[in-house]
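Participant: Just a sequence and a predicted model for now, questions to come.
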Amino acid sequence: MAQLCRNENCDRIELHLKHKVPRCPKRVEPSSNSASVPWKRPAPKALDRSIAKATSKLYALPFEVILREVENDYGTCIPRTVQRHLRTLVARGHLLRVDLGRRLHGYLRPGSNMLNDLDLLREQVSSMTSYASD
């Protein structure tokens, strides 16, 4: 019957078999990649909060502006990840995606009175985008 190591000088934390050497070999630490460092791990809830903070009820924002605000608040992230989270927030009803024509889209919080004036929203969003004159 195998016995477990009960050596108090053992460096290994997990359960392991008793060994003949007086000290256990040191545990090999994982390489220092971005996933092992806590502040570099993905935090989907924090990203959702950051996207929600970037939007407003008073004015519609295009994706480019939201991405810039999220990067200032959350940190660097892949734009496609922000798009996916934005799409999820829209699907859940936490944000509204307003189609303004001419390939323009703006994002607002629900309950905004700005939805009654699409011309003003179009003007706001087109002034913030780089491809407004398409």
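Facilitator: Sure thing, it's come through.
Participant: what's the neighbour count on K18?
Facilitator: Counted with other C-beta atoms under 10 Å, the neighbours of K18 add up to 12. For glycine as for every other residue, the C-beta is placed from the backbone atoms N, C-alpha and C.
Participant: Confirm for me that it is in contact with R12.
Facilitator: No. With contacts counted by C-beta atoms under 8 Å, K18 stays clear of R12, the gap being 11.8 Å.
Participant: Between those two, which contacts overlap?
Facilitator: Here K18 and R12 have C5 as joint contacts, going by C-beta atoms under 8 Å, 6 or more residues apart in numbering.
Participant: Check which helix or strand the residue nearest the centre of the chain maps to.
Facilitator: In the chain, the residue lying closest to the centroid (C-alpha atoms, centre = their mean) is L47, at 3.1 Å. Using DSSP states H and E, L47 falls within helix 44-54.
Participant: Point out the other elements, helices or strands, that that helix touches.
Facilitator: Helix 44-54 is packed against helix 63-73, helix 79-92, with contacts defined by 3 or more C-beta pairs under 8 Å, 6 or more residues apart in numbering; DSSP states H and E.
Participant: Of those helices, flag the one that's most buried.
Facilitator: For the helices and strands packed on helix 44-54, average neighbour numbers computed from mean count of other C-beta atoms under 10 Å are highest in helix 63-73, which has a mean of 16.
Participant: Taking helix 44-54 as reference, get the angle to that one.
Facilitator: Helix 63-73 runs at 120 degrees relative to helix 44-54, counting by axes from the mean of the first three to the mean of the last three C-alpha atoms, to 10 degrees.
Participant: can you pull the contacts of I51?
Facilitator: The contact partners of I51, by C-beta under 8 Å, 6+ apart, come to 66, 70, 82, 85-86, 89, 95.
Participant: do that again at 7 Å, thanks
Facilitator: 66, 70, 82, 85-86, 89 (C-beta atoms under 7 Å, 6 or more residues apart in numbering).
Participant: repeat for L89
Facilitator: L89 makes contacts with 48, 51-52, 95, as judged by C-beta under 7 Å, 6+ apart.
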